[in-house]
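1. 3D, please:
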Amino acid sequence: MAPADFSPPPPNVPSVAMAPQPYPAAPPAADVFAVAPPLFSAGASAPSSMTPPAPPVPPPMPAPPAMSSPPVTPAPPPVAAVPTASHPAPPQKTPTPGSPPPATSSTSSSVPRAKLVIQRGGTVGKEFLLTETESNIGRWDADGGIFPDVDLDQDDPEAKVSRRHARIVCQDGQYVLEDLGSTNGTFVNRGRRLLPGNRHPLNDGDEIIVGKTFLKFHYIR
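-> Numbering: from 1, shown residues only. Modelled structure (predicted):
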């Protein structure tokens with residue numbers, strides 16, 4: 001190979017100055033990443049590929065069977081009434097004037113009914129029924145809580161009968177009389193004065209004197 005011929009330029013030819021060439025821009029660094037634009041805006045719907053599938057809808061439940069009403073039991077046929085022989089009701093007794101009233105249901109069957117009738121010293125003929133096993137003779141006193149069965153308050157204007165004067169008790173079907181410590185005493189058939197606490201048997205038709213009031217004892221047959 002022949003050597004290159006480097007001959008100097010002619011002296012009269014001006015030399016041209018060459019401007020320095022800029023170096024090319026460096027490529028971007030490998031760790032710098034461009035921000036990708038969003039796939040969809042806030043107002044737009046997501047693509048169908050990114051929407052989760054809806055849950056499956058369960059099939060409707062079958063309706064429960066209707067309740068059947070219980071069977072109705074037919075009513076038994078009416079029983080024909082058997083004719084019976086009619087009996088006439090017994091005739092009712094009409095009470096005569098002055099007869100004692102009928103016995104009440106509260107009276108025990110073992111207690112015979114009796115009564116006292118005023119003979120003297122008050123309303124003559126006034127009766128007091130003795131339907132209990134124990135009947136007190138005296139005068140009514142609301143303040144003292146005394147309410148005798150045989151109340152002689154209106155038939156004793158002189159107050160000769162004590163508030164708690166005497167008592168008639170039925171023992172084993174027999175009535176007896178007992179004085180309760182009265183002031184003016186208790187007498188039977190105008191005999192001796194009864195001692196308080198001593199019981200005197202009574203017979204039908206006996207006369208009882210308390211204070212100045214005369215009473216007649218009667219059994220009600």
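2. what's Gly122 sitting at in phi/psi?
-> Torsion angles at Gly122 (phi, psi; degrees, to the nearest 10) stand at phi -160, psi -140.
3. roughly how far apart are the residue lying closest to it once chain neighbours are set aside and Val169?
-> The shortest distance from Gly122 to any residue other than its chain neighbours is 2.6 Å, reached at Asp155 (Cβ to Cβ, 6 or more residues apart in numbering). All C-beta atoms are positioned from the backbone trio N, CA, C, and that covers glycine. Relative to Val169, Asp155 is positioned 22 Å away (Cβ to Cβ, to the nearest Å).
4. And for Arg163?
-> From Arg163 to Val169 the distance is 19 Å (Cβ to Cβ).
5. and if you look at Arg190?
-> Distance, Arg190 to Val169, using Cβ to Cβ: 22 Å.
6. Could you count how many residues lie near Phe187?
-> 18 (other Cβ atoms under 10 Å).
7. show me the residues around the closest residue to Ala114 other than its chain neighbours that make contact.
-> Sequence neighbours aside, Leu130 is the residue nearest to Ala114 in space, at 4.5 Å (criterion: Cβ to Cβ, 6+ apart). Applying Cβ atoms under 8 Å, 6 or more residues apart in numbering to Leu130 gives the contacts 113-116, 149-150, 168, 170, 175.
8. What pLDDT is listed against Leu130?
-> We have a pLDDT of 92 for Leu130.
9. Repeat that for the one 3 residues further on.
-> The pLDDT attached to Thr133 in the predicted structure is 90.
10. Tell me the spacing between the residue nearest to it when sequence neighbours are not counted and Gly185.
-> Nearest-residue entry for Thr133: Cys170, 4.8 Å, with adjacent residues in sequence omitted and distances by Cβ to Cβ, 6+ apart. As judged by Cβ to Cβ, Cys170 and Gly185 stand 23 Å apart.
11. Same check on Trp140?
-> From Trp140 over to Gly185 the distance is 21 Å, taken as Cβ to Cβ.
12. of Arg190 and Val169, who's got more company?
-> Between Arg190 and Val169, counted using other Cβ under 10 Å, the more crowded position is Val169 (17 against 8).
13. which residues sit against stretch 139-152?
-> Contacts of stretch 139-152 with the rest of the structure, by Cβ under 8 Å, 6+ apart, involve 116, 122, 128, 130, 132, 135-138, 153, 156, 159, 161-165, 168, 210-211, 213, 215.
14. filter those residues to the buried ones?
-> Taking 16 or more other Cβ atoms under 10 Å as the criterion, what is buried in the contacts of stretch 139-152 is 116, 122, 128, 130, 135-138, 153, 156, 161-165, 168, 210-211, 213, 215.
15. show me the contacts for Leu195.
-> Asp179.
16. can you map out the strands along the chain?
-> 114-120, 127-130, 134-138, 150-151, 164-171, 174-179, 186-188, 199-201, 207-210, 213-219 (DSSP state E).
17. Pairing partners for the third one, with directions?
-> Pairing partners of strand 134-138, with direction, according to DSSP bridges: strand 150-151 (parallel), strand 164-171 (antiparallel).
18. Please save the CA atoms from that strand in CSV.
-> The C-alpha trace of strand 134-138 is given here as CSV (Å, rounded to 0.1, in the frame of the first residue of the first chain):
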residue,chain,number,x,y,z
GLU,A,134,-129.8,-20.7,121.6
SER,A,135,-132.0,-17.6,122.0
ASN,A,136,-131.3,-14.6,124.3
ILE,A,137,-133.9,-12.7,126.1
GLY,A,138,-133.3,-9.0,126.9
